[in-house]
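Novice: Fold the following.
(2 chains)
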Protein chains: 2
Amino acid sequence: MNLLQKKILEDGVIKSGDVLKVDSFLNHQIDVPFISELGKEFKKIFATSRVNKILTVEASGIGIACLTAIHFGVPVVFAKKSQGSQMDPHVYATSVKSFTHNKTNTVVVAKQYLNAGDRVLIIDDFLANGCATEGLIDLAKQAGATVEGVGIAIEKGFQGGGDRLRSHGVRVESLAIIDKMDAATGKIQFRD
Amino acid sequence: MNLLQKKILEDGVIKSGDVLKVDSFLNHQIDVPFISELGKEFKKIFATSRVNKILTVEASGIGIACLTAIHFGVPVVFAKKSQGSQMDPHVYATSVKSFTHNKTNTVVVAKQYLNAGDRVLIIDDFLANGCATEGLIDLAKQAGATVEGVGIAIEKGFQGGGDRLRSHGVRVESLAIIDKMDAATGKIQFRD
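Specialist: So this is what the prediction gives:
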C-alpha cells in the first residue's frame, strides 16, 4: 500500500452517491508537505517525458498542480470556469459536464498560454468519469500542444473514465485507483 | 527594485478601470519557480511568527499559498465560494464584495479546518480595497484563531485597503505596493 492509499484509508470519508471526501488533505485543507511528496512521485513517473508545462483546472487542481510543477521546474496553467456565455476570440474553450454538481461548465485558457510545441502534463486531484480531463486534453489539442500524460491523485476506477482514456492511448497515471467503495461499510478496495 | 516589481514592469499590463493583468505569471499561468521565490520571501518576513496554517481564498490565492506553505512546512486552507444560500452549521461563512465583478460572494471554511489555537498567515495574490482579506480575517476570528499577519504579492496601494488594515493593527506585508498606475502611459509607481 502506498502513502496516498494509506492516507485515504485514514482520512477519507465515503458519502452516499459515490462521493469520497478528502477535504482534510487534498481539496479544502491541503496538506502541503504531503501533497508535495505526491508531486515528487509524478516527477519520477514522468521522468523521461519532456514536460514544459502543467495544465489543470480551477479550483481544486491548482494546489497539487503547483506542488508537482515545483519538482519539474515548469509553470502551471489553470483553465478557468468561464463567467460569460459570449465567445472570447482570445481563449480556447471547451465544455465540461460535472456530474457532482449536475451542470455543464465552459472552461477556458487564454491562447497565449498554450501553444503548439508545448509538451503538457495534465494534473488533477480526482478522475471519475473523465470529463474534466477530456476537456483539458481538448484545450491542449486546440492549441496544437502535445499531451505527455495525465497525473491523477485519486482515480475512481469504478466510474470508468480513466480506463476509457487509456483505451484511447492516453497515458493516465493515478497514484491511487479505487475499484470499489461502500458508504455503508466504509470499505475501500484499491486496484493493485 | 525587487524581483516582483521588476516582473510587474516587464510582464504586467495595465487595463482601464485600475486593472493590472499579471496573468502571465501569477493568476492564470503561474510561474511556479518564481512564485516559490516569493514564498521564500514571505518565510523570511514572517520568520519569527509561529505560523501553523496558511489561509487563502479560491481560486487565484491557492497557487501562491501552496508555494508559500511549502517553505513553512504547514497546510493551506482555502475558503470556498459558497454554492448555496442556506446556512450550513458546519462552516464559518462571511460575505466578500468583489468590486471587479460587482457582486457579493459568500465564502466559507469548514469549521474543522480552522480552530482556536491556530496561528494563521493569510496569503493572497492581490490586495486592493481589502474586502477579501477582511473576509478571511473574519473567518479566522469566528474560529478563535490568531492572525499572525497578511502576506500579499501585489497591493494596489492607491485603493487604500492595505493601509486601512494596517491602521487597525493588522500586520500587512506586501511584496510590491503600487501607489500609482496609468493605463494611458503604462507607467507604474511603486511605494518605497
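
Novice: Strands of chain A, start to end?
Specialist: Counting by DSSP state E, chain A has strands at residues A:13-15, A:19-21, A:29-30, A:53-57, A:76-81, A:91-98, A:103-110, A:119-127, A:146-156, A:172-181, A:188-190.

Novice: List the pairing partners of the last one within its sheet, with orientation.
Specialist: Think strand A:188-190. Strand A:188-190 sits in its sheet next to strand A:172-181 (antiparallel), going by DSSP bridges.

Novice: before we move on, back to that, nearest to residue B:14 among the strands of chain A would be which one?
Specialist: strand A:103-110 (17.2 Å; Cβ to Cβ). Quick note: C-beta positions are derived from backbone N, CA and C, even for glycine.

Novice: Next, the angle from that closest one to strand A:53-57.
Specialist: Here strand A:103-110 runs at an angle of 150 degrees relative to strand A:53-57 (axes from the mean of the first three to the mean of the last three Cα atoms, to 10 degrees).

Novice: which of the residues in strand A:103-110 are buried?
Specialist: Residues of strand A:103-110 classed as buried: A:105, A:106, A:107, A:108, A:109, A:110 (neighbour count, 16 or more other Cβ atoms under 10 Å in any protein chain shown).

Novice: Could you restrict those to the ones contacting chain B?
Specialist: A:109, A:110 (Cβ under 8 Å from any Cβ of the partner chain).

Novice: Kindly reformat the buried residues of strand A:103-110 as CSV containing pLDDT.
Specialist: As requested, those are exported to CSV (pLDDT from 0 to 100):
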residue, pLDDT
A:105, 91
A:106, 94
A:107, 96
A:108, 96
A:109, 97
A:110, 96
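
Novice: What's the local residue count around the closest residue to residue A:58 other than its chain neighbours?
Specialist: Distances taken as Cβ to Cβ, 6 or more residues apart in numbering or on different chains place residue B:59 nearest to residue A:58, at 4.0 Å, with adjacent residues excluded. Here the number of neighbours of residue B:59 (other Cβ atoms under 10 Å in any protein chain shown) works out to 21.

Novice: which parts of chain A sit against chain B?
Specialist: Contact residues (Cβ under 8 Å from any Cβ) of chain A with chain B: A:23-25, A:28-33, A:35-36, A:58-59, A:62-63, A:66-67, A:69-70, A:73-78, A:80, A:83, A:101, A:109-110, A:112-113.

Novice: Drop anything exposed from those residues.
Specialist: A:23-25, A:28-32, A:35-36, A:58-59, A:62-63, A:66-67, A:69-70, A:74-78, A:80, A:109-110, A:113.

Novice: For the spatially most central residue of chain A, name its beta-bridge partners.
Specialist: Geometric centre of chain A, nearest residue: residue A:124, 1.7 Å, by Cα atoms, centre = their mean. Residue A:124 has these beta-bridge partners by DSSP bridges: residue A:152.

Novice: Would you quantify the distance from it to residue A:137?
Specialist: 11 Å (Cβ to Cβ, to the nearest Å).

Novice: same thing with residue A:91?
Specialist: Relative to residue A:137, and taking Cβ to Cβ, residue A:91 is found at 17 Å.

Novice: Also residue A:187?
Specialist: Distance of residue A:187 to residue A:137, computed by Cβ to Cβ: 33 Å.

Novice: Name the residue in these two with the higher neighbour count.
Specialist: Per other Cβ under 10 Å, whichever of residue A:187 and residue A:137 has more neighbours is residue A:137, with 21 against 11.

Novice: Would you mind confirming that the more buried one is in contact with residue A:121?
Specialist: No. Using Cβ atoms under 8 Å, residue A:137 makes no contact with residue A:121, being 11.7 Å away.

Novice: residues bridging contact with those two, i.e. touching both?
Specialist: Common neighbours of residue A:137 and residue A:121, using Cβ atoms under 8 Å, 6 or more residues apart in numbering or on different chains, are A:147, A:150.

Novice: what's the first-to-last distance across stretch A:28-35?
Specialist: One end of stretch A:28-35 sits 13 Å from the other (Cα to Cα, to the nearest Å).

Novice: Now find how far off-centre that stretch is within its chain.
Specialist: On the basis of Cα atoms, centre = their mean, to the nearest Å, stretch A:28-35 sits 15 Å off its chain's mean C-alpha point.

Novice: Let me see the contact set for residue A:76.
Specialist: By Cβ under 8 Å, 6+ apart, the contact list for residue A:76 reads A:53, A:54, A:55, A:56, A:62, A:65, A:66, A:69, B:29, B:30, B:32, B:63.
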